[in-house]
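Colleague: Give me a model of this one.
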Amino acid sequence: MPRYSPTGSISKCGDRPTVAVPVSRVAEFITRVGGAVCSRLPWIRPIAFGNVGDGNIHFTLTQPEGMDKAGYPARWQEFHDIVHGVVRELRGSISAE
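Modeller: Numbers count the residues shown, from 1 in each chain. Below you'll find the model as predicted:
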């Protein structure tokens, strides 16, 4: 039986910065980043998964339905800046795994 892998399906949907934060701050990271990206682009769908017990998080940002296909990737740097800013504030690292 093949192993189920959500990462292949999810990675086709959008951008996926991989970061690490202290385990005690994972919930805070997910809440803060999710709120910040949603306030910048309503209907964006943030999905956090990974080795959360180690503080490693794949924070996937999926394109809102109906959004221009070229317009969304053009904003990836804006979203990376949000994600990485919170990571720095929480004393995490940008490149996990």
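
Colleague: What segments of this structure are helices?
Modeller: 6-11, 26-40, 76-89 (DSSP state H).

Colleague: Now render those as TSV, adding distance to residue 17, mean pLDDT and mean neighbour count.
Modeller: (Each C-beta comes from the backbone N, C-alpha and C, glycine too.) Shown next, in TSV, are those (distance: least, C-beta to C-beta, whole Å; pLDDT from 0 to 100; neighbours: other C-beta atoms under 10 Å):
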stretch	distance to residue 17	mean pLDDT	mean neighbour count
helix 6-11	12	47	11
helix 26-40	9	95	16
helix 76-89	5	93	16
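
Colleague: Could you dump the ones you listed into CSV and include distance to residue 68?
Modeller: As requested, the helices of the chain are exported to CSV (distance: least, C-beta to C-beta, whole Å):
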stretch, distance to residue 68
helix 6-11, 20
helix 26-40, 16
helix 76-89, 14
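
Colleague: Report the backbone C-alpha coordinates of stretch 17-36 in CSV.
Modeller: Included here for stretch 17-36 are C-alpha records, laid out as CSV according to Å, rounded to 0.1, in the frame of the first residue of the first chain:
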residue,chain,number,x,y,z
PRO,A,17,8.0,28.5,3.4
THR,A,18,9.6,26.0,5.8
VAL,A,19,10.6,27.5,9.2
ALA,A,20,11.3,26.5,12.8
VAL,A,21,10.3,28.2,16.0
PRO,A,22,10.7,27.1,19.6
VAL,A,23,8.2,24.3,20.3
SER,A,24,6.7,26.4,23.1
ARG,A,25,5.8,29.1,20.5
VAL,A,26,4.4,27.0,17.6
ALA,A,27,0.8,27.8,18.4
GLU,A,28,1.6,31.5,18.7
PHE,A,29,3.4,31.4,15.4
ILE,A,30,0.6,29.7,13.5
THR,A,31,-2.0,32.1,15.0
ARG,A,32,0.0,35.2,14.3
VAL,A,33,1.1,34.3,10.8
GLY,A,34,-2.3,33.0,9.8
GLY,A,35,-4.0,36.2,11.0
ALA,A,36,-1.4,38.4,9.3
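
Colleague: Done for today, thanks.
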